[in-house]
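1. What follows is a predicted structure for the sequence shown.
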Amino acid sequence: MKGVCLRVGIVKPKKPNSGERKIARVKLSSGNVITAYIPGEGHNIQTHSVVMVRGGRSQDCPGVRYHLVRGAYDLGGVPNRATSRSKYGTKKTKTD
């Protein structure tokens, strides 16, 4: 489903995990406002970016029940990704 980013931030995971998980507050085309996880290393999301949302919760982040789709709309793919590229919107690198 399509949505517009209202806020981009980080959230700390539940115990016993640690780190900073990247999340985005998204207003969907249906009018609902949700919290979605941004997968992969690094992202180019800002406020007002148009993103695609899919289901699938983040197990260690409270209240995060959706994922953003990499490589769709304004959210770019993960650069220099070698494995699992289809999940992260990365094109195959040309080897000469």
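-> Thanks, I have the structure now. Numbers count the residues shown, from 1 in each chain.
2. does G63 sit in a helix, a strand or a coil?
-> The assignment at G63 comes out as coil when based on DSSP: H, G, I helix; E, B strand; the rest coil.
3. And for it, nearest residue in space, chain neighbours not counted?
-> Leaving out its chain neighbours, the residue that sits closest to G63 by C-beta to C-beta, 6 or more residues apart in numbering is T35, at 5.5 Å. No exception for glycine: its C-beta is placed from N, CA and C like everyone else's.
4. S58 is in contact with that neighbour, correct?
-> No. Counting by C-beta atoms under 8 Å, T35 does not reach S58; the two are 9.2 Å apart.
5. who touches both of those two?
-> V64, R65 (C-beta atoms under 8 Å, 6 or more residues apart in numbering).
6. quick one: buried residues of the helix or strand in which the residue nearest to G63 is found?
-> Assigned by DSSP states H and E, T35 belongs to strand 33-37. Across strand 33-37, burial judged by 16 or more other C-beta atoms under 10 Å covers I34, T35, A36, Y37.
7. go on, stretch 20-28?
-> Under 16+ other C-beta under 10 Å, the buried positions of stretch 20-28 are R21, K22, I23, A24, V26, L28.
8. Quick check: the farthest pair among those?
-> Within these, R21 and L28 form the most distant pair, 20.5 Å apart (C-beta to C-beta).
9. tell me which strands and helices the longest strand along the chain is in contact with?
-> Determined from DSSP state E, the single longest strand within the chain is strand 2-11. With contacts taken as 3 or more C-beta pairs under 8 Å, 6 or more residues apart in numbering; DSSP states H and E, strand 2-11 sits against strand 21-28, strand 33-37, strand 50-55.
10. And the residue nearest the centre of this structure?
-> What sits nearest the mean C-alpha location of the chain, by C-alpha atoms, centre = their mean, is I38, with 2.1 Å.
11. pLDDT wise, what is that one at?
-> I38 is assigned 96 on the pLDDT scale.
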